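A.B. asks: model the structure of this input:
(chains A and B)
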Amino acid sequence: MRNMHIMTKMNSFPRTLEQASTFLEVTQAIVSAPTPIDLLRAFLQPIGDEQSSGCLLAVVDPAAGQHSDEAIQMMASFEPADSAMSIMAAGTWTRKGDVALMDSFLTNPSIVQYYDLSTAAARERLDPASLQWLDERGVGSVGVIGLRHPAGRSIGLAAICWQQPRPFSQDEYALYEHLAPMMARLTENFRDAEQRVRTLRLTEMLYQANRHLIGAKDYDQIVDAVFRGVSQSQAAAVSMLTVSSDDAGVPEWATVIATGGASANFGLQVGTRCDLANHPSAQSWINQPDGLVLVADTANDGRLDEASRKLLLENGIQSVVCVALLRPSAWNGALLVCWDQPHLFAPLDEQFYRALSGQIAAILENYQLRQAEQQVIQQLAATNSELEAFTYSVSHDLRAPLRAMDGFSKILIDKYRDQIPEEGRRYLERVRVNAQHMGSLIDDLLTLSRVGKRVMAMAQVDMTNIAYGAFYEAIIDQEAPPARLVLHPLPAAVGDPGLLSQVYVNMFSNAVKFTRGRPDPLIEVGADGEAQGLPVYFVRDNGIGFDMQYADKVFGVFQRLHDAKEYEGTGVGMAIVSRIINRHGGRIWVESAPEQGTTFYFTVGGGDAGSGG
Amino acid sequence: MLDQVVEILLVEDNQDDEEMTLLALGENWFASRIDVARDGEEALEYLFCAGRYAHRRLRQPPRLILLDIKLPRLDGLQVLERIKADPRTCAIPVVILTSSREEADVARGYELGVNSYIVKPVDFEQFTESIRHIGYYWMLLNETPEP
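C.D. replies: Below is the predicted model:
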């Protein structure tokens, strides 16, 4: 029935010239209003009089229901100077359900609603919470204009309260019914702009926090990074707690391990410990995965247990955000962001703290990984120094007996030549050959271990020069050059010149060995093409080659592909080469075929690929 | 006998190495007299005429010291340090003759002023050859100040 009534009124608007001019005047004023409060003043000006005692503009959060219960924001409010009433402050967010007044106004389909609170009929139409709210503020009557988007969604409402009844005239009804859609759009614009500003500010805060979190290496630095971010929201301190749990996983003790921004009389000091059995609300918050609690007003928040409230207030904390940092197997804790004043939280703040907690969790994970890594490194260092002591003793103690074996065999052969039969001398020579071979094995193993330990002295290396020098080093014991060397110019590399020279020396020794007795022994050195952007060096010989099915054994320690009698050596040479190339971050591979010769290929990366070991 | 000039002091705890060194030195006849100390402490007592060697006269230092590194009690590098730090002995050539190829040992040896650092080869022929070179160089070619 009421809707029908409105329709007829609307059809006959504007009825008078005066009504038309008021409509135009208000329209002009609200369109040009620079702030929400100007908008509200301009909008309610036609019905605002000396009796009116307070006005408010409230908006619905568009994200309501998705992220938060706190869905209605007081966008602007004002009271005449002589008013005895107090309206909610602008910026306040309230839960949809908490103030049913808002709810009942918002869900009422009528655009203009009027309630004379002295009449039982009007009071019956209102819920008890709304009535209480209005009565507490001494409101006699209230006019509410619902702000609905033309598409139907509710943007919010504008309300005016009077101390005395002041019913709307038919003209005023008509005026506001016509003004409301435009007002709705303008309010929405302000709301969205405000939202954008808030989003930007939170994004900036998150950026600042992340920027510093990325480099954070310990709890203090994590806390400091968070503090840098949230200090833009006037937060006064940030504390991080660790939480120990009992066997059943129930949090038992919380201990402050790092804190930023706290002073002697504000915030939680490092080392503060509390038994969570006495802090049931804190205990339950900390125990929730993704737990996040925003306490806008410590003194009055009903969700806080008394012990927690007392602890917070004693340390000057008037509002606080508690972010649970729950790491299933490793680390339980929480982050507290504290203010020395009650703080107004917006729904977006919650998203901010969730994002922040995700970042912190990632950093903590990293931090723990790093700590675990550190532990492994320390263990490795211990093992390494043991190994070093071992190789030292190998180097010294294993060689002395070999020398004695070799030496006394030789002395025996020389001194008692006449008394030892030919066969006996041959046996003694066998003893010597074996002692000497074992000496070489020990030397090569020591070289191999030194290659891993050595601190690399990186430099730009002239590979052509190195290869040339290495060839002569490899054949220094030979009376005549055992093979022809064809050396193509090689591209330079970045690496340790001593180690790279060792690569060529070992490869040449190898090539010389396996080309011995072949017609026209030839060793070709060059570079050909690229692998992963690095030049590929090669050393090719026309020696006896080997079957590629054994290719993986070439670089193993003590791996031999040929008869030890015919081809001497310890089987460590190419393992050393491979380790050197590895340490340079390069790759080595081989191509060969029996009787077809062998080609080794390798690349030299620019850095130390590992500790070797 | 006591007045005879000692030409080489060999500091060596391994009797095999000792015997082989003596054999190599004897074969090449570089020294008429070689004394042997079997640990670092004995070497120092010998050089500074203390303890077991209190009867020795300081003005007869050896012309060459062949020093092993790995020795019981005081090790070779500690002995070297004492020799080079004392004006009475610092001019005596010291050749480290060791199995250790450790770079740290080589570096420390030279830091302390060793005159030569030789790694004993396993091959006895090479070993003899090394000893021969050492003897030839330090006993015949090299000049040291008069004690």
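
A.B. asks: run the chain-centre distance for the helix or strand of chain B with the lowest mean pLDDT.
C.D. replies: Least confident helix or strand of chain B, by mean pLDDT, DSSP states H and E, is helix B:15-28 with a mean of 85. Mean C-alpha position of helix B:15-28 versus that of the full chain (Cα atoms, centre = their mean, to the nearest Å) differs by 13 Å.

A.B. asks: close to chain A, is the helix or strand following it?
C.D. replies: The C-terminal neighbour of helix B:15-28 among helices and strands, as given by DSSP states H and E, is strand B:34-37. No: using Cβ under 8 Å from any Cβ of the partner chain, strand B:34-37 never reaches chain A; the gap is at least 16.0 Å. Where C-beta positions appear, they are placed from N, C-alpha and C, glycine not excepted.

A.B. asks: other SSEs contacting strand B:34-37?
C.D. replies: Counting contacts by 3 or more Cβ pairs under 8 Å, 6 or more residues apart in numbering or on different chains; DSSP states H and E, strand B:34-37 packs against strand B:8-11, helix B:15-28, helix B:40-47.

A.B. asks: now the residue of chain B found nearest chain A. Nearest residue, chain neighbours left out?
C.D. replies: Relative to chain A, the nearest point of chain B is B:V122 (3.1 Å; Cβ to the nearest Cβ). Distance criterion Cβ to Cβ, 6 or more residues apart in numbering or on different chains; nearest residue to B:V122, sequence neighbours excluded, is A:G439 at 3.1 Å.

A.B. asks: of the helices and strands packed on strand B:34-37, flag the one that's most buried.
C.D. replies: Highest mean neighbour count among the helices and strands packed on strand B:34-37 (mean count of other Cβ atoms under 10 Å in any protein chain shown): strand B:8-11, with a mean of 25.

A.B. asks: coming back round to it: between the helices and strands packed on strand B:34-37, which gets nearest to A:R450?
C.D. replies: A:R450 lies closest to helix B:15-28 among these, at 23.9 Å (Cβ to Cβ).

A.B. asks: list the contacts of that closest one.
C.D. replies: A:400-401, A:403-404, A:407-408, A:411, B:8, B:10, B:12, B:31, B:34, B:36, B:66, B:68, B:97, B:120, B:124, B:127-128, B:131-132, B:135-136 (Cβ atoms under 8 Å, 6 or more residues apart in numbering or on different chains).

A.B. asks: how many other residues sit next to the residue found closest to B:P93 once you drop the neighbours it is linked to in the chain?
C.D. replies: Computed as Cβ to Cβ, 6+ apart, the closest residue to B:P93 that is not its neighbour in sequence is B:N115, at 4.4 Å. For B:N115, the neighbour count with other Cβ atoms under 10 Å in any protein chain shown is 19.

A.B. asks: for B:N115, give me phi and psi.
C.D. replies: Note on B:N115: its backbone torsions stand at phi -90, psi -20 [degrees, to the nearest 10].

A.B. asks: I'd say it and B:V94 touch.
C.D. replies: Yes: using Cβ atoms under 8 Å, B:N115 is in contact with B:V94, at 5.5 Å.

A.B. asks: quick revisit: secondary structure element holding the residue of chain B closest to chain A?
C.D. replies: For B:V122, there is no host helix or strand (DSSP H and E).

A.B. asks: ok, it - contacts?
C.D. replies: A:R399, A:L402, A:R403, A:D406, A:A435, A:Q436, A:M438, A:G439.

A.B. asks: any low-confidence regions in chain B?
C.D. replies: Along chain B, the model assigns pLDDT under 70 to residues B:1-6, B:28-31, B:58-59, B:147.

A.B. asks: spell out which parts of the stretch 301-450 of chain A neighbour chain B.
C.D. replies: A:392, A:395-397, A:399-404, A:406-411, A:432, A:435-436, A:438-439, A:443, A:446, A:450.

A.B. asks: now the buried members of the residues you listed.
C.D. replies: Among these, the ones that count as buried by 16 or more other Cβ atoms under 10 Å in any protein chain shown are A:392, A:395-396, A:399-400, A:402-404, A:406-411, A:432, A:435-436, A:438-439, A:443, A:446, A:450.

A.B. asks: quick one, phi psi at B:E103?
C.D. replies: With angles defined as degrees, to the nearest 10, B:E103 sits at phi -60, psi -40.

A.B. asks: pull the contacting residues for the residue nearest to B:P93.
C.D. replies: By Cβ under 8 Å, 6+ apart, the contact set of B:N115 is B:P93, B:V94, B:V95, B:W138.

A.B. asks: how close does it get to B:D105?
C.D. replies: Plainly put, B:N115 is 15 Å away from B:D105 if you go by Cβ to Cβ, to the nearest Å.

A.B. asks: picking up where we left off before, neighbour-wise, give me the winner out of the contacts of B:N115.
C.D. replies: B:V94 (26 neighbours).

A.B. asks: wait, that one sits on B:L77?
C.D. replies: No: using Cβ under 8 Å, B:V94 is not in contact with B:L77; the gap is 10.7 Å.

A.B. asks: give the residue spans of the stretch 101-250 of chain A that score low on pLDDT.
C.D. replies: Across the stretch 101-250 of chain A, the ranges flagged by pLDDT under 70 are A:101-107.

A.B. asks: for chain B, give me its nearest residue in it.
C.D. replies: For the stretch 101-250 of chain A, Cβ to the nearest Cβ, closest residue to chain B: A:K217, 32.6 Å.

A.B. asks: that residue is in contact with A:Y367, isn't it?
C.D. replies: Yes: at 7.2 Å, A:K217 and A:Y367 qualify as touching, with contact defined as Cβ under 8 Å.

A.B. asks: between these two, what contacts are shared?
C.D. replies: Contact with both A:K217 and A:Y367 is made by no residue, according to Cβ under 8 Å, 6+ apart.

A.B. asks: who has more neighbours out of these two?
C.D. replies: A:Y367 (18 against 11).

A.B. asks: surely that one is within a helix?
C.D. replies: Yes: judged by DSSP: H, G, I helix; E, B strand; the rest coil, A:Y367 forms part of a helix.

A.B. asks: contacting residues for it?
C.D. replies: A:A216, A:K217, A:D218, A:Y219, A:I222.

A.B. asks: ok, of these, which come out buried?
C.D. replies: With neighbours counted by 16+ other Cβ under 10 Å, the contacts of A:Y367 contain buried members at A:A216, A:Y219, A:I222.

A.B. asks: and A:I286, what pLDDT?
C.D. replies: Reading off the confidence values, A:I286 has pLDDT 77.

A.B. asks: measure it to chain B for me?
C.D. replies: Relative to chain B, A:I286 is positioned 53 Å away (Cβ to the nearest Cβ, to the nearest Å).

A.B. asks: neighbours of that residue, just the number please.
C.D. replies: Neighbourhood size, A:I286 [other Cβ under 10 Å]: 24.

A.B. asks: how about the nearest residue to B:V106 once chain neighbours are set aside, secondary structure?
C.D. replies: Of all residues not flanking B:V106 in the chain, B:Y117 sits nearest, at 5.4 Å (Cβ to Cβ, 6+ apart). Secondary structure assignment for B:Y117 (three-state DSSP): strand.

A.B. asks: how about B:Y117, what does it touch?
C.D. replies: Contacts of B:Y117 by Cβ under 8 Å, 6+ apart are B:V95, B:I96, B:T98, B:V106, B:G109, B:Y110.

A.B. asks: tally up the residues packed near the closest residue in space to the third one that isn't next to it in sequence, please.
C.D. replies: It refers to B:T98. The shortest distance from B:T98 to any non-neighbouring residue, by Cβ to Cβ, 6+ apart, is to B:I69 (4.3 Å). A total of 24 residues lie near B:I69 under the criterion other Cβ under 10 Å.

A.B. asks: looking at this, B:I69 is in a strand?
C.D. replies: No: going by three-state DSSP, the assignment for B:I69 is coil, not a strand.
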